[in-house]
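Novice: Take a look and give me a structure for this.
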Amino acid sequence: YNMKKYLSCLYLIIFITTTMTVVGCDFFDQSSSKRTYSSSNTSLCSNISCTDGETCVVLNDVAQCASSVATGCDPACVSPQTCFLSSGTYGCITPSTTCNQSPDVYVSGYRHDATLNRDLASYWKNNMAGVNDFNSADPNSSYANSISFDGTNLYIGTMSYGGPQAISSAYWINGSKTVLAPIGSNSDAPSIFVKGSDIYSAGSYQPTSTTYQPAYWLNGSKTDLSLGGVAHSYAAAVRVSASGSDVYVTGDYTNSGNYGVAVYWKNGVMTTLSAPSGASDTSGIGLAVSGGISYIAGYYYLNSIKNACYWKNGSITTLSPTNSSAKSIFISGTDVYVSGSYTSNGKEIACYWRNGVKTDLPVPSTAQSSYTTSIFVHCSGVYISGVYKNSSGKNVAVFWKDSTRNELTDGTQHSNASDISVY
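Specialist: Now for the predicted structure:
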């Protein structure tokens with residue numbers, strides 16, 4: 001089993017976003033006064049996070065953020081409806097909720113139990129006291145790789161080591177476990193995404209001792225992804241378009257030179273992601289889909305130097321500085337948020353970028369290193385899961401809300417925070 005690939009896959013993200021939504025509304029084009037009905041299917045807003053003063057609306061089955069305006073609607077809106085403007089279109093809407101400024105924060109990961117002498121798949125709600133070792137009955141070490149909460153149900157993707165199943169993957173809904181087939185084939189499904197009642201997982205499994213097969217699972221049913229004629233390929237993250245049923249998966253494969261090549265699949269069709277001339281060893285790790293556009297976070301090597309980057313519909317943007325890596329990506333309105341890390345003076349430093357502008361994340365002055373694993377934007381607040389290594393050499397699971405660090409363990413044993421969801 002390729003440990004390098006597994007470790008990179010642990011840093012994957014899954015987003016289930018809850019935002020301000022609408023019961024239903026009439027929108028019309030001001031130039032033609034043609035009214036169009038905005039669907040009350042608020043699940044289409046699952047990939048949209050609006051800033052303060054904005055509301056997620058669904059116009060012609062496309063989710064988007066709208067801003068409240070004083071004038072522009074003709075005829076004028078009747079209370080309780082309010083006039084909004086979105087992409088040049090005015091309309092009257094009735095907001096069903098307001099943005100929750102004090103949301104609950106869910107973080108997946110693991111913590112080491114010294115008494116049991118194994119790692120326990122865990123999740124935390126809001127703080128260290130909110131830890132839940134939901135898979136403690138597993139006699140093997142296990143890890144929670146992804147998490148999502150939709151206001152009613154809690155979804156967690158896990159992986160277990162050891163025993164007759166070697167490496168096995170599963171997902172959980174409110175504590176009920178579903179093992180992903182095939183069992184006993186070193187399956188690793190680090191990403192989970194929920195749309196309505198459908199649960200998507202993405203990862204890889206090992207059908208033979210010499211091959212790795214990328215796949216995604218829909219409600220536990222597996223779909224193999226094309227290998228492109230190579231023996232080793234890995235799927236890292238899965239998303240489904242807010243409108244329609246397009247399934248996007250990102251990952252990479254290993255070429256004949258033993259370098260990674262970043263790719264993505266849309267409805268099973270594989271596309272290689274571009275890189276600068278001379279670049280090698282590219283990888284797609286984090287994935288978001290907004291407005292039918294795919295955004296993929298990852299990295300490439302150029303002249304033996306690692307460079308964080310993201311691809312928007314296949315077009316690459318390199319993030320500075322060099323000696324960096326991007327792990328997760330989130331789209332809020334027109335803003336692109338990417339979490340990752342970079343190395344300075346031999347020390348890895350956790351950070352995130354908003355539209356290319358880097359912000360370092362605080363850790364104790366005695367920390368040896370730090371990195372991020374996932375990013376989530378809610379009501380203009382930036383939430384990031386990650387890890388720092390303390391002065392004793394122990395990895396400490398944390399999450400940051402903007403620039404405030406919240407530690408999830410006391411640092412006496414190893415722990416990891418792999419994903420974050422905010423509601």
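
Novice: residues touching S370, list them.
Specialist: Residues near S370 by Cβ atoms under 8 Å, 6 or more residues apart in numbering: S341, E348, I349, A350, L361, V363, G386, V387, Y388, K389. Using the backbone N, CA and C atoms, a C-beta is placed for each residue, glycine as well.

Novice: go on, A350?
Specialist: If you count contacts by Cβ under 8 Å, 6+ apart, then A350 has S339, S341, D360, L361, V363, S370, Y371, T372, I384, G386, Y388, W400 around it.

Novice: ok, H414 - contacts?
Specialist: R111, H112, D119, K394, N395.

Novice: right, I mislabeled it, should have said F149
Specialist: Per Cβ under 8 Å, 6+ apart, neighbours of F149: I16, D104, Y106, Y155, S421, Y423.

Novice: nearest to W265, of those?
Specialist: I16 (21.0 Å; Cβ to Cβ).

Novice: any idea which of the contacts of H414 is closest to Q213?
Specialist: Of the contacts of H414, the one sitting nearest to Q213 (Cβ to Cβ) turns out to be D119, at 26.0 Å.

Novice: That closest one and S142 touch, don't they?
Specialist: Yes - contact criterion Cβ atoms under 8 Å: D119 and S142 qualify, at 6.7 Å.

Novice: returning to what we had before: ok, the contacts of A350 vs S325, which is closest?
Specialist: Taking these together and measuring to S325 by Cβ to Cβ, the closest member is S341, at 6.1 Å.

Novice: For ChimeraX, write the select line for the buried members of the contacts of A350.
Specialist: To isolate the buried members of those in ChimeraX, using 16 or more other Cβ atoms under 10 Å:
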select :339,341,361,363,370,371,372,384,386,388,400
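
Novice: how about JSON lines for the contacts of A350, with secondary structure added?
Specialist: Formatted as JSON lines, these follow (DSSP: H, G, I helix; E, B strand; the rest coil):
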{"residue": "S339", "secondary structure": "strand"}
{"residue": "S341", "secondary structure": "strand"}
{"residue": "D360", "secondary structure": "strand"}
{"residue": "L361", "secondary structure": "coil"}
{"residue": "V363", "secondary structure": "coil"}
{"residue": "S370", "secondary structure": "strand"}
{"residue": "Y371", "secondary structure": "strand"}
{"residue": "T372", "secondary structure": "strand"}
{"residue": "I384", "secondary structure": "strand"}
{"residue": "G386", "secondary structure": "strand"}
{"residue": "Y388", "secondary structure": "strand"}
{"residue": "W400", "secondary structure": "strand"}
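
Novice: just for the stretch 151-300 of the chain, where's the confidence low?
Specialist: Applying pLDDT under 70 to the stretch 151-300 of the chain flags the ranges 162-166, 183-184, 228-232, 242-243.

Novice: Would you list the buried entries among the contacts of F149?
Specialist: Buried among the contacts of F149 by 16+ other Cβ under 10 Å: I16, Y106, Y155, S421, Y423.

Novice: for the fourth one, which residues make a bridge with it?
Specialist: Partner residues in beta bridges with S421: Y106, with DSSP bridges as the criterion.

Novice: follow-up on the earlier one: among the contacts of H414, who's most crowded?
Specialist: Greatest neighbour count in the contacts of H414, by other Cβ atoms under 10 Å, goes to N395: 24 neighbours.

Novice: quick one, what contacts that residue?
Specialist: V387, Y388, K389, H414, S415, N416.

Novice: Mutual contacts of D119 and S142, please.
Specialist: Y110.

Novice: which two in the contacts of F149 are spaced the farthest apart?
Specialist: So, the contacts of F149 by Cβ to Cβ: farthest apart are D104 and Y155, at 14.5 Å.

Novice: Please name the nearest non-neighbouring residue to K195.
Specialist: Distance criterion Cβ to Cβ, 6 or more residues apart in numbering; nearest residue to K195, sequence neighbours excluded, is V240 at 4.9 Å.

Novice: Hmm, the one you found is touching D246, no?
Specialist: Yes - with contact taken as Cβ under 8 Å, V240 and D246 are classed as touching, separated by 6.8 Å.

Novice: what about the strands in the stretch 151-300 of the chain?
Specialist: Using DSSP state E, counting those that start in this stretch, the strands of the stretch 151-300 of the chain run over 154-160, 168-173, 176-179, 188-195, 198-208, 211-218, 221-224, 233-240, 247-254, 260-266, 269-272, 280-290, 293-302.

Novice: Out of those strands, which is the most enclosed?
Specialist: strand 233-240 (a mean of 28; mean count of other Cβ atoms under 10 Å).

Novice: And the next helix or strand past the helix or strand hosting Y110?
Specialist: Per DSSP states H and E: Y110 is located in strand 105-113. Sequence order places strand 118-125 as the next helix or strand after strand 105-113, per DSSP H and E.

Novice: Show me which positions of that following strand end up buried.
Specialist: Those buried within strand 118-125 under the rule 16+ other Cβ under 10 Å are R118, D119, L120, A121, S122, Y123, W124.

Novice: now the second one: how far from H112?
Specialist: Same thing as D119. Distance check for D119 against H112: by Cβ to Cβ, to the nearest Å, it reads 5 Å.

Novice: ok, back up a step: which one of the contacts of H414 is nearest S304?
Specialist: Scanning the contacts of H414 for proximity to S304, where the rule is Cβ to Cβ, the winner is N395, at 26.8 Å.

Novice: ok, now how distant is that closest one from P182?
Specialist: 31 Å.

Novice: which residues touch G130?
Specialist: W124.

Novice: Provide the backbone phi and psi angles at it.
Specialist: Phi and psi for G130, reported as degrees, to the nearest 10, are phi -90, psi 20.

Novice: Check the gap between N135 and D113 for me.
Specialist: 12 Å.

Novice: Now for these two: what residues contact both?
Specialist: With Cβ under 8 Å, 6+ apart as the test, N135 and D113 both reach L120.

Novice: ok, back up a step: which one of the strands of the stretch 151-300 of the chain lies closest to E407?
Specialist: strand 154-160 (21.0 Å).

Novice: Which single one of the buried residues of strand 118-125 is nearest to G91?
Specialist: Y123 (39.3 Å).

Novice: Return the set of residues that bridge with that closest one.
Specialist: S108, N132.

Novice: where does it land on pLDDT?
Specialist: Per-residue pLDDT puts Y123 at 98.

Novice: what residue ranges in the stretch 1-150 of the chain score low on pLDDT?
Specialist: For the stretch 1-150 of the chain (pLDDT under 70), the answer is 1-64, 68, 70, 74-75, 79-81, 87-88, 93-99.
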